[in-house]
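In: dropping a prediction and its sequence here:
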Amino acid sequence: MVEQLGKKDSNGSRNAQGPGADVSGTPENVAAREDDVKIAALRATMFLLPLVALSSTVLLHLVLEEVLTKKYGDFTGDLAVLSGAIAAIGAWWALARYYRRYATATSASRRNYNGLRERLSQLQNRVCHYDPANAAETGFPEVRLQAHAYAGEQCEQIEEGLEGRGTPWTTGLGYIELWHRVHRAEEALIKVEPYIEALGGAMRDESRLANATMKNRDTLLKRLRCAVAMLDDSGTEKYLSYVEESEKCLLKQSERAAPENRAKALAILSEVRYEINHFRDNVWEGIVHARNRLAETSVVLGLAACALLALAIFANTPNRTIVWVVTYFLVGAIVGLFARAQGEWSANTAVDDFGLSTARLIHTPWLSGLAAVGGVLVTSVLDGQLLNDGPGSPTLAAVFEQKPSLLIVAAVFGLTPDLIIRRLTQQVDKYKEDLQSTQSTQSTEDVPTGEGTQRRQTRRQAG
């Protein structure tokens, strides 16, 4: 559901209600807006928290162990964990404070902002140049005037939304909502503008439906061609027809020109456009939600790694063991990141995917590093290399010891998370294929095409 970005009250003043709306007026609204900007900045920069916590805790523990052990004894590990947490929170707060200026519709995604501005300018031009006197001449003036008023209201809401700040823009959902409004305005204007404009749009819609993966594609094509046949005055001359098979309409020329039939045709064209836009909007929402889930999962995995490190330090694990655990973690993270980066390099990312590719790269090191550490642990136990200080008392140091073979194990297990990421990549490739299938011009420059999509296109062409 698209939340409203704002409504006018009975006096004509605007009360912004939707997420990201540029509310103003009362001090409470201003304070709420600033709080939302702070939360958005903290959420967008949260990935830095586990990264700084992990690295600073390890470094401080190694340094303090050498410098302050004689004076403070076993408390150096606790001090390292506490200092690392403070350093991570401080770095997070500093970056979030700097990032606040980018938690706006203008800066969060420049590509979407510029695209919305361009479409808004086109819509405003179409709305402003509409002559209400034409409504009475073409029939059903109430329907046309209502559609025109609705399109104008959507333009106002879009313009106001583009001044918004806060969480909707850093998550990408604010742009999705505004694109919904753009599409609703375009669909309404189909019922308002001259038939020649409606026919031109129908021609583009037919090309978008020609290769679409929509389940109701054939039904929509049939409806679109019937509607165009009622609007097209070119007779049966095929070279003048706007879409294929328009000459097959069963209605006579006089019946096609009836105002009620043409009003129905415009309504059908508007509904067909809605179905196409709704399909594409759902796909974009899927990409945005996938990005947000990955970003949140990355932070949770990072915090889990920090918790495991703190637990090992609190258990007075020797420095040598911690160093090797971190080494295995880094080996797995680097190998997994390289494998993921190779997949990203081979993909065409010409279109802004709301940071999904970046989220995948941030997510992979944590998962690969934890998988490497777990793989070393399992391999050492199964290999029978576990040493004991005494009967029934295995030590962690005996597991994570210096062995070149364990580095290879860490590298191998570091590749396993990429299999999980590939599952997500295949789903995203399906989203992108759906988007590309509903483009009026099938160019790879408009929609990023992954390896999976390229293979499917090759099989389709071969078939």
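Out: Sure thing, it's come through. Source: prediction; values computed, not measured. Residues are numbered from 1 along each chain as shown.

In: next SSE downstream of the host helix or strand of Trp324?
Out: Following DSSP states H and E, one finds Trp324 within helix 319-345. Under the assignment DSSP H and E, the closest C-terminal helix or strand after helix 319-345 is helix 356-382.

In: do you have the strands of this structure handy? List them.
Out: 7-8, 14-15 (DSSP state E).

In: before we move on, back to that, which helices and strands does the helix holding Trp324 pack with?
Out: helix 48-67, helix 259-314, helix 356-382, helix 396-399, helix 404-437 (3 or more CB pairs under 8 Å, 6 or more residues apart in numbering; DSSP states H and E). In this view, the C-beta of every residue, glycine as well, is placed from N, C-alpha and C.

In: between those helices, which one is nearest to Thr106?
Out: Among the helices and strands packed on helix 319-345, helix 259-314 comes nearest to Thr106, with 18.4 Å by CB to CB.

In: so the closest one versus helix 319-345, what angle?
Out: If you take axes from the mean of the first three to the mean of the last three CA atoms, to 10 degrees, helix 259-314 sits at 160 degrees to helix 319-345.

In: packing partners of helix 259-314?
Out: Applying 3+ CB pairs under 8 Å, 6+ apart, we find helix 259-314 packed against helix 48-67, helix 75-99, helix 173-190, helix 195-210, helix 217-231, helix 319-345, helix 356-382, helix 404-437.

In: what helices or strands is the fifth one leaning on?
Out: Right, helix 217-231. By 3+ CB pairs under 8 Å, 6+ apart, helix 217-231 packs against helix 195-210, helix 253-256, helix 259-314.

In: redo that, cut-off 7 Å
Out: Using 3 or more CB pairs under 7 Å, 6 or more residues apart in numbering; DSSP states H and E, the elements in contact with helix 217-231 are helix 195-210, helix 259-314.

In: okay if I get these as JSON lines plus mean neighbour count, mean pLDDT and distance to Val326?
Out: Formatted as JSON lines, these follow (neighbours: other CB atoms under 10 Å; pLDDT from 0 to 100; distance: least, CB to CB, whole Å):
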{"stretch": "helix 195-210", "mean neighbour count": "19", "mean pLDDT": "87", "distance to Val326": "52"}
{"stretch": "helix 259-314", "mean neighbour count": "18", "mean pLDDT": "88", "distance to Val326": "8"}
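
In: redo the ones you listed as a markdown table? Include distance to Arg117.
Out: Formatted as a markdown table, the helices and strands packed on helix 217-231 follow (distance: least, CB to CB, whole Å):
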| stretch | distance to Arg117 |
| --- | --- |
| helix 195-210 | 21 |
| helix 259-314 | 18 |
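
In: closest to Asp232 out of these?
Out: Nearest to Asp232, of these and by CB to CB, is helix 195-210 at 6.4 Å.

In: quick one: the closest one to helix 259-314, angle?
Out: 50 degrees.

In: list of residues touching helix 195-210?
Out: The contact list for helix 195-210 (CB atoms under 7 Å, 6 or more residues apart in numbering) reads 190, 217, 220-221, 224, 228, 231-232, 242-243, 266, 269, 272-273, 276, 438-440.

In: the helices and strands packed on helix 217-231: which one's closest to Val381?
Out: Closest of the helices and strands packed on helix 217-231 to Val381 is helix 259-314, at 17.0 Å (criterion: CB to CB).

In: related to what we said a few turns ago, could you point out which of the helices and strands packed on helix 217-231 sits nearest Ala411?
Out: Between Ala411 and the helices and strands packed on helix 217-231, the shortest separation by CB to CB is 17.9 Å, and it involves helix 259-314.

In: shaky segments in the stretch 1-150 of the chain?
Out: 1-31, 66-75, 132-139 (pLDDT under 70).

In: what of the stretch 351-463 of the chain?
Out: For the stretch 351-463 of the chain, applying pLDDT under 70 flags the ranges 351-352, 383-402, 418-429, 431-432, 434, 440-463.

In: which non-adjacent residue is nearest Gly174?
Out: Spatially, and ignoring its direct neighbours in sequence, Gly174 is nearest to Pro168 (3.0 Å; CB to CB, 6 or more residues apart in numbering).

In: isn't Leu361 up against Arg340?
Out: Yes. When contacts are counted by CB atoms under 7 Å, Leu361 is listed as touching Arg340 (6.1 Å).

In: the more surrounded of the two?
Out: Higher neighbour count among Leu361 and Arg340: Arg340, with 25 against 17, using other CB atoms under 10 Å.
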